[in-house]
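Trainee: sharing a sequence plus its predicted fold:
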Amino acid sequence: MTGLVADPQIHDLTRQELYDLAWAEPLRGIAERLGISGSGLAKVCRQNGIPTPDRGYWTKLKAGKPTIKARLPLREPGMPDILRIGGHRHYYGSALTSQLQVDPESVPEIQPPVFSESIEELTERVRKRIPKTVRASKTMTNLHPQVSRLLAEDAVRKEKERTSPYFVWDKPLFDSPFERRRLRLMSALCMVLTEARTSPRVEGKEGRFSVGIGTQRLSITIEPVKPASPRKKTATATTENPQEPMRLTLPVSTNQGATNDVWEDQDDLPLEERLKEIVLAVIVGGELSYRSGCLRGYKWDVERRHKAIDEVRKKRAEQARLGRERIERIQAEQLKALTDEAAAWRQAAEIRSYVAAVQAEHAKRAISSEASLAWANWALAEADRIDPLRRDDVRQDLLSI
């Protein structure tokens, strides 16, 4: 369970958690705690297939009247199970990122992603929403709007080529039998994929084909089985051979890495008769890509957590090392000061002993002079000056130990 985190700006909630919250209290109160507007939270629920109580639900519930709680539907293929709510719209981190920045060691072990539905179960669920009969048009009429756009743009290019007496660099692209068949195939796929709750897209003047399955987008390539030599123009080959075999390629990311699903024309089975199979593979491929991304994200989160914890522990160990070195340095300085004071004390004692010996020798020889007395006073004053026991500050230090 991800749950709410300390950072009030970013929250990672599973669909189930958000569903439970939405049916536990009105959205307005939940939205306030999550730091977004009530309409924004309702939009998140709507986009991710999470039903919310209808108007009057809470009034009926409070009055003790019977109410109906909508069931949480299964997650759509390619849609996320963990939803990031709040945070700056240009911030691409997560609640885990915030936790790792604050206290990595408080972050529990990252759990691997779990999917409530197997790929086999999801495949059967998707298969039921695909029409039993999927056919491609045999004419260039009743095409999908995105494909019709390509033809309309190509018609403009044809007109320019017909009316211009000069060379036209932007020549028509879809005159060859192969290209026209490719457009009919894309049109049929777009129609069925739209009906199957995905988002097909045909972009660019060449007709780049991709499909959005939830948060995933897969590119689909339709090309000749045996492309012409780079030295020859592909258009010539496809124009001269209307029955040129066609290949459809769908790149998919799985837990084992990137792979390609490939369909080719066969003598008794052209691509037009395999559209249902292709549509099913495209939608399931979007889910496979999503799960592969979840697994990569899990591994990355585990690595980030370990790295953050290692950095914290290294920093703590470095601080401890610096602390020990500081203590050792202070102790060394104190020991040096102590030995210096002991040496000064011994030196002062030696000076006093020497002065006493000199005075005794002078007395023995009956030597007495002002110079001798002045020297003795000077020598004893020097002994007192270097004697640590005669200094007031040292005596105070000794008394305080």
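Mentor: Good, I have the coordinates. Residues are numbered from 1 along each chain as shown.
Trainee: the helix or strand containing R162 - contacts with which helices or strands?
Mentor: Taking DSSP states H and E as the criterion, R162 maps to helix 145-163. Applying 3 or more CB pairs under 8 Å, 6 or more residues apart in numbering; DSSP states H and E, we find helix 145-163 packed against helix 177-195, strand 199-203. C-beta: built from backbone N, CA, C; applies to glycine.
Trainee: let me have these in TSV, extended by distance to Q216.
Mentor: Conversion of the helices and strands packed on helix 145-163 to TSV gives the following (distance: least, CB to CB, whole Å):
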stretch	distance to Q216
helix 177-195	13
strand 199-203	10
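Trainee: all the helices of the stretch 151-300 of the chain, residue numbers only.
Mentor: In the stretch 151-300 of the chain, the helices defined using DSSP state H, counting those that start in this stretch lie at 177-195, 234-240, 275-364.
Trainee: which among those helices is found nearest to T14?
Mentor: helix 275-364 (12.2 Å; CB to CB).
Trainee: one step back: and the helices of the stretch 151-300 of the chain, which is most packed in?
Mentor: Highest mean neighbour count among the helices of the stretch 151-300 of the chain (mean count of other CB atoms under 10 Å): helix 177-195, with a mean of 21.
Trainee: tilt between that helix and helix 275-364?
Mentor: Orientation check (axes from the mean of the first three to the mean of the last three CA atoms, to 10 degrees): helix 177-195 against helix 275-364 gives 70 degrees.
Trainee: what's the angle from helix 177-195 to helix 145-163?
Mentor: 150 degrees.
Trainee: packing partners for helix 177-195?
Mentor: helix 145-163, strand 199-203, strand 208-213, strand 216-224, helix 234-240, strand 246-254, helix 275-364.
Trainee: mean pLDDT and distance to S176 added to the ones you listed, as TSV?
Mentor: Below are the helices and strands packed on helix 177-195 laid out as TSV (pLDDT from 0 to 100; distance: least, CB to CB, whole Å):
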stretch	mean pLDDT	distance to S176
helix 145-163	92	11
strand 199-203	96	18
strand 208-213	96	17
strand 216-224	95	11
helix 234-240	41	4
strand 246-254	91	12
helix 275-364	94	21
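Trainee: save the ones you listed as TSV, and put in distance to Q9 too.
Mentor: Putting the helices and strands packed on helix 177-195 into TSV (distance: least, CB to CB, whole Å) gives the following:
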stretch	distance to Q9
helix 145-163	39
strand 199-203	30
strand 208-213	28
strand 216-224	27
helix 234-240	53
strand 246-254	31
helix 275-364	19
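Trainee: of all those, which one comes closest to I50?
Mentor: Using CB to CB, the nearest of these to I50 is helix 275-364, at 17.3 Å.
Trainee: turn the helices of the stretch 151-300 of the chain into TSV, including distance to I130.
Mentor: What follows is the helices of the stretch 151-300 of the chain, written out as TSV (distance: least, CB to CB, whole Å):
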stretch	distance to I130
helix 177-195	7
helix 234-240	30
helix 275-364	6
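Trainee: now for A379: which residues touch it?
Mentor: Neighbour list for A379: I351, Y354, V355 [criterion: CB atoms under 8 Å, 6 or more residues apart in numbering].
Trainee: relative to A258, which of the residues you listed is nearest.
Mentor: Taking CB to CB as the measure, I351 is the one of the contacts of A379 closest to A258, at 89.3 Å.
Trainee: touching, that closest one and A383? I think so.
Mentor: Yes: I351 is in contact with A383 according to CB atoms under 8 Å; the separation is 4.0 Å.
Trainee: on that earlier part again, which residues sit against the helix holding R162?
Mentor: Residues from elsewhere that reach helix 145-163 (CB under 8 Å, 6+ apart): 140, 143, 168, 170-175, 183, 186-187, 190, 200-202, 205, 207.
Trainee: of all the residues in it, which ones are buried?
Mentor: By 16 or more other CB atoms under 10 Å, the buried positions in helix 145-163 come out as Q146, V147, S148, L150, L151, E153, D154, R157.
Trainee: same check on stretch 163-180?
Mentor: Buried residues in stretch 163-180, defined by neighbour count with 16+ other CB under 10 Å: P172, L173, F174, S176, F178, E179, R180.
Trainee: now it: how far from the chain's centre is it?
Mentor: 45 Å (CA atoms, centre = their mean, to the nearest Å).
Trainee: end-to-end on it?
Mentor: Using CA to CA, to the nearest Å, the end-to-end distance of stretch 163-180 comes out at 23 Å.
Trainee: return the distance of the helix holding R162 from the chain's centre.
Mentor: Computed by CA atoms, centre = their mean, the chain-centroid distance of helix 145-163 equals 43 Å.
Trainee: tell me the angle of that helix relative to strand 208-213?
Mentor: Interaxial angle, helix 145-163 versus strand 208-213 (the same axes, to 10 degrees): 170 degrees.
Trainee: thinking again about what came up before, for G35, state which of the buried residues of helix 145-163 is nearest.
Mentor: Nearest to G35 among those: Q146, at 38.4 Å, using CB to CB.
Trainee: shouldn't P77 be in contact with S289?
Mentor: No: in this structure, P77 is not within contact of S289 by CB under 8 Å, at 9.7 Å.
Trainee: what touches both of those two?
Mentor: I213.
Trainee: give me the buried positions along stretch 266-273.
Mentor: Buried residues in stretch 266-273, defined by neighbour count with 16+ other CB under 10 Å: P270, L271, E272.
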